[in-house]
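> Just a sequence and a predicted model for now, questions to come.
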Amino acid sequence: MSYATSMVAAVPVFGRMFKVESEAELEDINAWPAAMIMASFIWFFAAVLLGISLPLTQMLGLDASLFYTAITGHGAAMAFPFVFQLMMGVGLHRAAGCVGKPVSGWIPATAFWMMNIGALLFTIAILMGLKISYAVMYPLPVVGVETGQWSMTSLIIGFTGIAGILVTVIVLFPVQVIKMFFFDKEREELVLHRRKLSDPGMLGMAMAAFVLLIMGSPLLIVASAVLLGLYGILPFAWIPWATDPMVFQFVFYIFAHNLMEAMAIMIVSAVYATLPLYLADGTRQLYSNKLANLALWILLVTSVTSFFHHFYTMFPALPSALSYHGNIMSWGTGVGAAITIFTITMTIVKHGLRAEAGVMAVLMGFTLYILDGVSAIITSTVAWSYQLHGTMWQAGHTMAVLIAVAMMWMGVLLHHYPVITGRVLDKTRGMWFVILYTVGAMGLAYSFLAAGAAGMPRRFASWDQEGWMIYGYLILFFGLCMTLSMLIFFIDVSKARRINTGAEAAPAE
Amino acid sequence: MLEFIYQSGWGAFTMLLLFQIPFLLVFLTVIYRKAYVDTSASTITDAKISKLRGGWLTLVIALFLVINIVGIQYIPAIYTAKAANSSVAAVDVAIEAQSWSYDMSVREFEVGKPVRFNAVSLDTVHGFAVYHPGGRVLFTMMLVPGVGESSLIYTFNEPGTYKVRCLEYCGAAHHEMSDEIIVTEASS
C-alpha cells in the first residue's frame, strides 16, 4: 500500500469518503489523485463555512475585520486548495488512465504537500490578521504592514504559503502533465481508455498545462524576488522591477486570468471526454471531433491576451488600443464557447442521453459555465466595464466560474469514483446533489450579478445601505442550498457501496 | 434606450438576460427531452446540422459585431475625446486617493459642463467610482500607485449629491472610503 493510500485511509471522516480500495495495480493512478480530491473537499468544507459567514457578519452587524478575514479566507480556500486541487486530482487520474502513465513519485507528492501546506500557512497568516483578499491587491500587503493593519510576520508567513501554492499551480502540476503526455513510459495495466493528444478529450489538458507553465512563470519570478526580499536575502534596492505595483498587477493578472481560462479549457476537454460515455445509443462519439478541437484552439488563442480587460478603467494608463484588444479577445472566447455549445447540443440531439448523476452534474456545470461566460463577456466590454468593474458583478463572475468548474469536475469525479475507490454511489442522492447544487449556484450567480448591476461594491463590509442587504439575504439563501447539496454529496460518498457487494459499476472510461 | 443599455449596470443585466434566457431554454429543453422523453438517436440529417451550424455561427458573429460596434460611442475614451475636442472647456479636478479618503481640488460642478477627473493613488490600489443620486454607478476608475493619472471627462445631466466610493479593496476601512460631490443647476 502506498504512502498516499495509507494517508487517505488514516484521515477521519473525509478519508473514508475517498479511501482507495480498488485493484492494487491501479494504485499508481489512484493514490495521489485520491489524496488531492480528499484534501480539496476538506478545504471546500472550510470555504463553505466562511462563505456562509459573509452575509451573516453583515446581517448581525459584526465587526468589519471579521468580514475581511472571512472573505480573504473564503476566496483563497475556494480558488486554490479546493477548485484547483480538485481539478488536479481528478484531472491527473483521468489523464493517467488515458495514456497509461503513473501519477506517482516525488512530483505529485510535492504538489500535494506544497498546495496544502501553502494553503495552511496562508490561512494561519489570515488568522494572524493578514487581510489582502485572494487577489492579493499588491502593494496592499506591504502598505498594510506600514500602516499597522497587520504584522510583517503575518505577511512573510502568508507570502510563503502563497509561494507554495504558486509552485504547485505553475510548475509541479503542469510538469507532471507534460511528463505523462510526452516522456513517461506507458504501462498497459494502467490504461483505462486510451486517448491520443489529438482527441478533444485530451487536447485541453495539454493546452492548459502549457498555459499555466508559460503564463505563470513571470509571476513566479516576480513573487520569488519579493519573497526573497521579505526574507532579507535580497535587498529591496536590487529588485525595484519586482516591487513596482504595476509590474505586479500585470504579472498577477496575466497568470490569474489565464489560470481561470486554463481551468476552463481543461474542463471543457473533460466534458468532451465524459459526455460520449453516457450517450443513449452507445455511440461514444462526439458529434464532431474537429469542431470540438477548433473550439479549444479558439479558446486558447483568444483567452491568452484577453487579460487586458482587468485594466480598462485605468484609462489612459492602459492605452485604448490594448483595451479594444482585450474587448475583442474576450468576445473571441465567446465564439469558442458558442462552438462548444453547438458540439455538445448536437451530440445530445443526435445520440440521446442516459440521465445519470455524473453526466448531469457535468452538463449542469457546463450550463453554469456558459451563463457565467456571458457575464464575463459583458463585464469585459469596455463600455459596461466602467459601470461594473469593482462591483459584486465581478465577484459573482469569479465565484460562478469557480463553482461551475467545480461542479463539472465533481461530475467527472462521480464518473471516475468507482475506478478510484472500488465503490459505487447512490443514483437518487446523486441527482438530488445535482438539482440542489444547480439551483444554489444559479441563484447565487444571479444574486451577485443583480447586486453588481445595482452598484453594490465587492469585498465591501457595509452592505446595509442603498437597499443592498436584500442581495445579502438572497446570497445566504442560495448559499445554504449549495451547502445542503454538498452535504448530500458527502453523505453519498460516505455511504458508497463496494462494487463486489453486488452494486452496479459505472461505465469505466 | 441605448444609453440605458450601455451606460448602466441594469442595462448590462438586461443584455445578460437577453443572451442567457434563450440559451437556458434551448439547452435545458434539449437535455430534458433527450434524457427523459425520447432518448432514441435522432434522424436529423447531416445537411440539416450543417445548416444549423452555419446559422448559429452567423448569429454569434452578428451579435459580436453589432453589440461592439454600437457600443463604441459609449466607451469613455471616445466620449472623453469628443468632450476634449468640443468648444466647451472642461473643469479640471485633481484627485488624490489615499487610505481611506480622497483629496479633491473641486467638489462642486454644474449640470452640462464637462468635468475632467484626473485621479492618482498615493499608496495602494484604490477605486474612484461616482454614483448617481439614484444609486447606480456612473463610472469607475482604477488607481494603481506609480502608474500616473487615470482620467476621463464626464458631463453631469442632473443636479444632486453624487456619492463617491472606492471599489478596489484597500484594507481595514475600505468600506469607509467615500466622499460626495455636488452638482448644481447650470448658471446662465
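All right, it came through fine.
> CA only for contacts and neighbour counts going forward, please
Fine.
> In the helix or strand of chain B with the lowest mean pLDDT, which residues are buried?
None of the helices or strands of chain B scores lower by mean pLDDT, DSSP states H and E than helix B:76-85, at a mean of 90. Buried residues in helix B:76-85, defined by neighbour count with 16 or more other C-alpha atoms under 10 Å in any protein chain shown: B:P76, B:A77, B:I78, B:Y79, B:T80, B:A83, B:A84.
> What helices and strands are in contact with that helix?
Helices and strands touching helix B:76-85, by 3 or more C-alpha pairs under 8 Å, 6 or more residues apart in numbering or on different chains; DSSP states H and E, are strand B:150-155.
> how does chain B divide into domains?
The record assigns chain B these domain ranges, following automatic domain parsing: B:2-76, B:88-184.
> Check the gap between the residue of chain A most remote from its centre and A:A225 for me.
Relative to the centre of chain A, and counting by C-alpha atoms, centre = their mean, the farthest-placed residue is A:A237 at 36.2 Å. Plainly put, A:A237 is 11 Å away from A:A225 if you go by C-alpha to C-alpha, to the nearest Å.
> do the same with B:R116
B:R116 sits 39 Å away from A:A225, going by C-alpha to C-alpha.
> Please work out how many residues are found near the residue of chain B found nearest chain A.
Going by C-alpha to the nearest C-alpha, chain A is nearest to B:G9 of chain B, at 3.9 Å. Here the count is done by other C-alpha atoms under 10 Å in any protein chain shown, and B:G9 has 29 residues near it.
> who are the neighbours in contact with it?
A:W384, A:Q387, A:L388, A:G452, A:A453, A:A454, A:G455, B:R136, B:V137 (C-alpha atoms under 8 Å, 6 or more residues apart in numbering or on different chains).
> what's the answer for A:W409, then?
Contacts for A:W409 (C-alpha under 8 Å, 6+ apart) come out as A:L86, A:M87, A:V90, A:I267, A:V362.
> which non-adjacent residue is nearest the last one?
Closest residue in space to A:V362, ignoring its immediate chain neighbours: A:M408 at 4.2 Å, by C-alpha to C-alpha, 6 or more residues apart in numbering or on different chains.
> Same question for B:V144.
Per C-alpha to C-alpha, 6+ apart, closest to B:V144 is B:V125, 4.7 Å.
> List the residues that contact the one you found.
If a contact means C-alpha under 8 Å, 6+ apart, then B:V125 has A:M137, A:Y138, A:P139, A:L140, B:M142, B:L143, B:V144, B:P145, B:E168, B:Y169, B:C170 as its contacts.
> In strands, which of these fall?
Using DSSP state E, the subset of the contacts of B:V125 located in strands is B:M142, B:L143.
> Turn the contacts of B:V125 into CSV, columns for distance to B:R53, neighbour count and pLDDT.
Output for the contacts of B:V125, formatted as CSV (distance: C-alpha to C-alpha, whole Å; neighbours: other C-alpha atoms under 10 Å in any protein chain shown; pLDDT from 0 to 100):
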residue, distance to B:R53, neighbour count, pLDDT
A:M137, 43, 22, 92
A:Y138, 45, 21, 91
A:P139, 48, 21, 93
A:L140, 49, 21, 96
B:M142, 41, 29, 96
B:L143, 44, 30, 97
B:V144, 45, 29, 95
B:P145, 48, 20, 94
B:E168, 42, 26, 96
B:Y169, 44, 27, 97
B:C170, 47, 30, 97
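> do you know how far the residue of chain A found nearest chain B is from B:R136?
In chain A, the residue that lies nearest chain B is A:A453 (3.9 Å; C-alpha to the nearest C-alpha). Per C-alpha to C-alpha, A:A453 is found 8 Å from B:R136.
> Who has more neighbours out of these two?
A:A453 (24 against 21).
> Helices of chain B, start to end?
Counting by DSSP state H, chain B has helices at residues B:2-7, B:9-32, B:46-71, B:76-85.
> brain fart, the stretch 351-500 of chain A
Applying DSSP state H, counting those that start in this stretch to the stretch 351-500 of chain A gives helices spanning A:357-379, A:382-388, A:392-421, A:427-453, A:469-494.
> Helix A:427-453 and the third one, what's the angle between them?
Regarding helix A:392-421 and helix A:427-453, their directions subtend 160 degrees when assessed with axes from the mean of the first three to the mean of the last three C-alpha atoms, to 10 degrees.
> Now do helix A:392-421 and helix A:357-379, the angle between them.
Inter-element angle recorded for helix A:392-421 and helix A:357-379: 160 degrees (by the same axes, to 10 degrees).
> what's the nearest residue to the residue nearest to the spatial centre of chain A if we skip its chain neighbours?
Taking C-alpha atoms, centre = their mean as the criterion, A:V83 is the residue nearest the geometric centre of chain A, at 3.4 Å. In space, and not counting its chain neighbours, A:V83 is closest to A:A406: 5.7 Å by C-alpha to C-alpha, 6+ apart.
> Is the one you found in contact with A:P81, as I believe?
No: between A:A406 and A:P81 there is no contact under C-alpha atoms under 8 Å: 11.8 Å.
> So between the two, which is more surrounded?
Neighbours of A:A406 and A:P81, each counted by other C-alpha under 10 Å, are more numerous for A:P81; the result is 29 against 24.
> Enumerate every residue touching the more buried one.
Residues counted as contacts of A:P81 (C-alpha under 8 Å, 6+ apart) are A:A39, A:S40, A:W43, A:F44, A:M115, A:N116, A:A119.
> what do you get if the cut-off is 6 Å, keeping everything else the same?
Going by C-alpha atoms under 6 Å, 6 or more residues apart in numbering or on different chains, A:P81 touches A:S40.
> Doesn't it belong to a helix?
Yes: counting by DSSP: H, G, I helix; E, B strand; the rest coil, A:P81 is located in a helix.
> Pass me the low-pLDDT residue ranges in chain A, would you?
Scanning chain A for pLDDT under 70 picks out A:22, A:501-509.
> residues from it in reach of chain B?
Where proximity means C-alpha under 6 Å from any C-alpha of the partner chain, the interface of chain A facing chain B comprises A:139-140, A:313-316, A:350-355, A:383, A:386-387, A:390, A:453-455, A:457, A:460-461.
> Could you identify the buried members of the residues you listed?
A:139-140, A:313-316, A:350-355, A:383, A:386-387, A:390, A:453-455, A:457, A:460-461.
> What segments of chain A are strands?
Applying DSSP E to chain A gives strands spanning A:423-424, A:497-498.
> Could you say which of those strands is packed most deeply?
Of all those, strand A:423-424 carries the top mean neighbour count, a mean of 25, counting by mean count of other C-alpha atoms under 10 Å in any protein chain shown.
> quick one: low-confidence ranges for chain B?
Applying pLDDT under 70 to chain B picks out residues B:188.
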